[in-house]
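S.K.: the sequence and its predicted three-dimensional model are supplied below.
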Amino acid sequence: MAPTLDLDFVRAQFPAFSVEGLGRQGFFDNAGGSYMCAPVMERLDRFFRERKVQPYGPYEASRLGGEEMDEARHRLAAMMGVDTDEVSFGPSTTQNTYVLAQAFRQSMKPGDAIIVTNQDHEANSGPWRRLADAGFEVREWQIDPETGHLDPAKLDALLDDKVRLVCFPHCSNVVGEVNDVAAIVAKVHDAGAVACVDGVSYAPHGLPDVDRLGADIYLFSAYKTYGPHQGVMVIRRALAERLPNQAHFFNGDVLYKKFTPAGPDHAQVAACAGMADYIDLLHARHFGTETDPRIRATRVHDLMRAQEISLLQPLLDYLKSKNSVRLIGPSKAEGRAPTVAITADRPGADLAEALAPHEINAGGGDFYAVRPLKALGVGDEGVLRLSFVHYTSKGDIDRLIRALDHVL
Ligand SMILES: Cc1ncc(COP(=O)(O)O)c(C=O)c1O
């Protein structure tokens, strides 16, 4: 039988839960940025104290710094089922897509087309849409205006032999529905195009097996995934080799440098290995020993998802029972992330403010999902977004529901 998550163990890995005041508050703004786990903090601290020098040099502090940066790429890559040099780090996902869009701009030919969605956060939308300025055709794969669902059948009508690239989210940061990435990527590949998947809203709920998903580009943000403020980018070799270099001319042969024009943030890249430490800690606690990192990551992914799903369904049921509330996205927990956007009688930001005295920390607004919210008919009032992850407790959810009873 699959183990259940040891929540005391999990919460002990997050120093925020031990902070006076903060530790007892219900944290429901995780889709904005998660708490950071202790292994990441420890690595950051050690880097700044002991290794804060130019890395990859011949002396020990420098060598250790460089080794730890390589370790981060190596261990996360192994967990995602990709090669070490297919993983690179940039300042944020938004900056990573910006750079990638320049590479596509240079490599596409007149008459080429790309497909974007109106379900994406602007990071995986705007930079690609700007390719229209260079004369490329931009087609929009549109969500259902009621449910926010992105129907793969509608993609078929947009795909033809002009399409070079399809950009879509693993999971939208306001709709919450988990898209069937593997099935969508298969369609994209059949049409001879490549797929760029924004995994920012998915990765915090379990590191994905990117090889199994089949995406050519997979992006996520470490600061929402228990890590430091970095964007993590997987670019599969076949694509990375054929796209033009965006870095210094002499770095173009090294795949993990090719799409990061600036020098990396050494300490934060090194600290990303702490995300792998955390996954391994959870694995050891719940499953014991396993030598294959990909299997360890998959088990921990499933463990996190099971915990989240069991807490999410009661919240969705509660919100569905309220006539004054519009729940955005699916009402079944299995197919969605615990990122729950609602509208009610007041602007989302006001609802969030009203929750704060109840020690429920959440956010309101558009969350840079301006296009999806517009398509869903949500105006400037925005949404209240209640987002949680595996470290959230049943007590937190109960408290949230009690607070919502006062506020809604
Ligand atoms: C789904 C999604 N994609 C992309 C981004 C942008 O990530 P970053 O802040 O790393 O640029 C966000 C940030 O909120 C997001 O929620």
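M.R.: Structure's in. What do you need? If you're wondering where the values come from, they're calculated on a predicted model, not measured in any experiment.
S.K.: what about the host helix or strand of A186, distance to the chain center?
M.R.: Using DSSP states H and E, A186 maps to helix 181-190. Relative to the centre of its chain, helix 181-190 is centred 19 Å away, using CA atoms, centre = their mean, to the nearest Å.
S.K.: just stretch 145-160 next, same as before
M.R.: 22 Å.
S.K.: circling back to that earlier point, and for the helix holding A186, what's in contact with it?
M.R.: When contacts are defined by CB atoms under 8 Å, 6 or more residues apart in numbering, helix 181-190 is touched by residues 152, 155-156, 159, 166, 168, 170, 194-195, 197, 208, 212-216. Glycine gets a C-beta too; all of them are placed from N, C-alpha and C.
S.K.: hmm, try it at 10 Å
M.R.: Helix 181-190 is contacted from outside by 115, 141, 150, 152-153, 155-156, 159, 163, 165-171, 180, 193-197, 199, 202, 208-210, 212-216, 218, using CB atoms under 10 Å, 6 or more residues apart in numbering.
S.K.: put the alpha carbons of that helix into PDB.
M.R.: Taking C-alpha atoms only, helix 181-190 is exported to PDB below (Å, rounded to 0.1, in the frame of the first residue of the first chain):
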ATOM      1  CA  VAL A 181       0.700  17.200 -21.700                       C
ATOM      2  CA  ALA A 182       1.800  13.800 -23.200                       C
ATOM      3  CA  ALA A 183      -1.300  13.600 -25.400                       C
ATOM      4  CA  ILE A 184      -1.000  17.200 -26.600                       C
ATOM      5  CA  VAL A 185       2.700  16.900 -27.300                       C
ATOM      6  CA  ALA A 186       2.000  13.700 -29.300                       C
ATOM      7  CA  LYS A 187      -0.300  15.800 -31.500                       C
ATOM      8  CA  VAL A 188       2.200  18.600 -31.800                       C
ATOM      9  CA  HIS A 189       5.000  16.200 -32.800                       C
ATOM     10  CA  ASP A 190       2.700  14.400 -35.400                       C
END
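S.K.: does that helix come close to the ligand?
M.R.: No: shown here: helix 181-190 not in contact with the ligand (CB under 6 Å from any ligand atom), separated by at least 13.6 Å.
S.K.: any idea of the mean pLDDT for the helix or strand following that helix?
M.R.: Next helix or strand after helix 181-190 toward the C-terminus (DSSP H and E): strand 194-198. For strand 194-198, the mean per-residue pLDDT is 98.
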